[in-house]
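> Whatever this is, show me its structure:
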Amino acid sequence: MKRVFLIVLDSFGIGQMPDAAEYGDRDVNTLGSVSESLYFHMPNMAKLGLFTIDGVTVGEKAEKPLATVARMAEASKGKDTTIGHWEIAGIRSDRPLPTYPEGFPKEVIDEFSKRTGRGVLCNLPYSGTEVIKEYGEEHMRTGDLIVYTSADSVFQIAAHEEIVPLKQLYEYCHIAREILQGEHGVGRVIARPFVGPAGGPYTRTSNRHDYSLMPPAPTMLDVLCENGKDVIAVGKIQDIFAGKGITEFVYTSGNEEGIVRTLEYMDKDFEGLCFVNLVDYDSLYGHRRDVDGYAKALGYFDEKLPEIMGKMRPEDVLMITADHGCDPAYLETTDHTREYTPFIMYGQRIVPENLGTRKTFADIAATVVQYFGIVPNFPGESMLNGGNNIE
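This next block holds a predicted model:
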């Protein structure tokens, strides 16, 4: 019974890609920045081979890494969560998803307001914590919805949980998702609930939900399902793929719960993929320029690695990667950064080797399906080398 546990450390980039300047990024390196923190400590990832990956100049290199490693280049045009995960799952996106640096056009906002029966505040790119500081009081007084975006392809709706109950906020997101198709098909509509007394201070809650576009082509999730395999989603994977190709899912409140749920699934019998997103690196630390917080969160994952690895069965494969960067020390913006990502593949049957730099995240999808004996049909190449690096 084969199982693959694919864990995405959301935003854990390892150095800028050659085309980073085209995305407004210069001299960005999430791993490099975080390694400067006094709290940076990843001895178990070091043993697996993290610091032996192409281009990584920090950390102590393991003489005999325990895992197969590679540096992954993003072939798609973008640096956001949706496109990154889609490419990991086998879809190359040759056109970037739309962004709105001046806010959403009048026809979109008018239609959204008409269908929700509520006014709209802000409609500009904004920090999620700053937007509720500035517009939270007016929202509580009027009931108008706070709509904002960022450099990413997102339509975000912030609302106080006592003014707009969660069920209603999620329905508003469904409405926005129906409106935002075609020309205005943003990658994600995001519910951003918050709490706090009138006048503030306000705090965002863990009841966030993402509503992604439907993937435009079959992914490895669909292929696995069609071949009778289980596809278990942990964290926001269910939202990113709009539920498509997923047989079971569980939402999480953050990294700690994500790891707990993963460990629980490791104790269960299933054959297929457990696809995990650990979002805190991105949402709590990268976007908020919290270098030390990012380092501590990586350290926590590293501390849990021996427990994860200890639960692995002989046929299990553990894969660790990321979907983009979000350099917390980059001062030009607080947005995602165009970076290479790490790939680490460990298992009792995996023969360790360094596979250099890969051309696309989609190599991961090809690797996963080949491990289950399915012929890959993605714009990527399997990293199993025809099975030569499996004992």
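> how near is the closest residue to residue 186 other than its chain neighbours to residue 26?
Spatial nearest neighbour of residue 186, chain neighbours left out: residue 153 (4.6 Å); criterion: C-beta to C-beta, 6 or more residues apart in numbering. (Glycine included, C-beta is placed from N, CA and C.) Going from residue 153 to residue 26 by C-beta to C-beta, to the nearest Å gives 22 Å.
> which of those two has more neighbours?
Ranked by neighbour count (other C-beta atoms under 10 Å), residue 153 and residue 26 place residue 153 first, with 23 against 11.
> hang on, the earlier thing: contacting residues around the residue nearest to residue 186?
The contact partners of residue 153, by C-beta atoms under 8 Å, 6 or more residues apart in numbering, come to 78, 80, 82, 96, 97, 98, 99, 186, 187, 188.
> Contacts for the host helix or strand of residue 129, please.
Applying DSSP states H and E as the criterion places residue 129 in helix 128-142. The contact list for helix 128-142, computed with C-beta under 8 Å, 6+ apart, reads 119, 121-122, 126, 144-146, 148, 156, 158-160, 163, 192, 194, 196, 198-202, 204, 287-288.
> Can you name the secondary structure element that comes next after that helix?
The helix or strand immediately downstream of helix 128-142 is strand 145-149, counting by DSSP H and E.
> What's the mean pLDDT across that next one?
Strand 145-149 shows a mean pLDDT of 98 in the predicted model.
> Please apply the same query to stretch 166-173.
Stretch 166-173 comes out at a mean pLDDT of 98.
> Now do the strands in the stretch 1-150 of the chain.
For the stretch 1-150 of the chain, the strands defined by DSSP state E, counting those that start in this stretch cover 3-9, 68-72, 120-125, 145-149.
> possible to save these as TSV with distance to residue 233 and mean neighbour count?
Below are these laid out as TSV (distance: least, C-beta to C-beta, whole Å; neighbours: other C-beta atoms under 10 Å):
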stretch	distance to residue 233	mean neighbour count
strand 3-9	10	25
strand 68-72	21	25
strand 120-125	29	19
strand 145-149	26	25
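> Turn these into JSON lines, including distance to residue 262.
Shown next, in JSON lines, are the strands of the stretch 1-150 of the chain (distance: least, C-beta to C-beta, whole Å):
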{"stretch": "strand 3-9", "distance to residue 262": "7"}
{"stretch": "strand 68-72", "distance to residue 262": "20"}
{"stretch": "strand 120-125", "distance to residue 262": "34"}
{"stretch": "strand 145-149", "distance to residue 262": "31"}
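> Report the buried members of the contacts of helix 128-142.
Taking 16 or more other C-beta atoms under 10 Å as the criterion, what is buried in the contacts of helix 128-142 is 121-122, 126, 144-146, 148, 156, 158-160, 163, 192, 194, 196, 202, 204, 287-288.
> Out of the helices and strands in this protein, which is least certain?
strand 209-212 (a mean of 89; mean pLDDT, DSSP states H and E).
> which residues touch it?
Residues from elsewhere that reach strand 209-212 (C-beta under 8 Å, 6+ apart): 81-82, 170, 173-174, 176-177, 187-191, 236, 239-242, 251.
> For PyMOL, write a command that selects the buried ones of the residues you listed.
This is how PyMOL selects the buried members of these, with burial counted by 16+ other C-beta under 10 Å:
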select buried, resi 81+82+170+173+176+177+187+188+189+190+191+236+239+240+241+242+251
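> sorry, back to before: for residue 264, find the nearest of the strands of the stretch 1-150 of the chain.
Smallest distance to residue 264 across these (C-beta to C-beta): 11.9 Å, for strand 3-9.
> Partner strands of that closest one and their direction?
Paired neighbours of strand 3-9 in the sheet (DSSP bridges): strand 272-278 (parallel), strand 316-321 (parallel).
> Name the nearest residue to residue 37, sequence neighbours excluded.
Take residue 37 and drop its neighbours on the chain: the residue closest to it by C-beta to C-beta, 6+ apart is residue 295, 3.7 Å away.
> same question but for residue 206, I mixed them up
Nearest to residue 206 is residue 253, by C-beta to C-beta, 6+ apart, at 4.1 Å.
> Secondary structure element holding that neighbour?
Assigned by DSSP H and E, residue 253 falls within no helix or strand.
> Could I get the contacting residues of residue 358?
By C-beta under 8 Å, 6+ apart, the residues touching residue 358 are 70, 71, 72, 73, 343, 380, 381, 383.
> and if you look at residue 54?
Residue 54 is in contact with 70, 71, 340, 354, 356, 357, counting by C-beta under 8 Å, 6+ apart.
> measure residue 329 to residue 301 for me?
Distance of residue 329 to residue 301, computed by C-beta to C-beta: 20 Å.
> Who has more neighbours out of those two?
Between residue 329 and residue 301, counting by other C-beta under 10 Å, residue 301 is the more crowded of the two (23 against 18).
> and the gap between that one and residue 44?
Relative to residue 44, residue 301 is positioned 9 Å away (C-beta to C-beta).
> With residue 232 instead?
24 Å.
> next one: residue 223
Counting by C-beta to C-beta - residue 223 and residue 44 are separated by 31 Å.
> More neighbours: those two, which one.
For residue 223 versus residue 44, neighbours defined as other C-beta under 10 Å are more numerous around residue 223 (23 against 18).
> Now do the nearest residue to residue 333 once chain neighbours are set aside against residue 335, distance only.
Once flanking residues are discounted, residue 333 sits nearest to residue 151: 6.2 Å by C-beta to C-beta, 6+ apart. Residue 151 sits 4 Å away from residue 335, going by C-beta to C-beta.
> Noted, bye for now.
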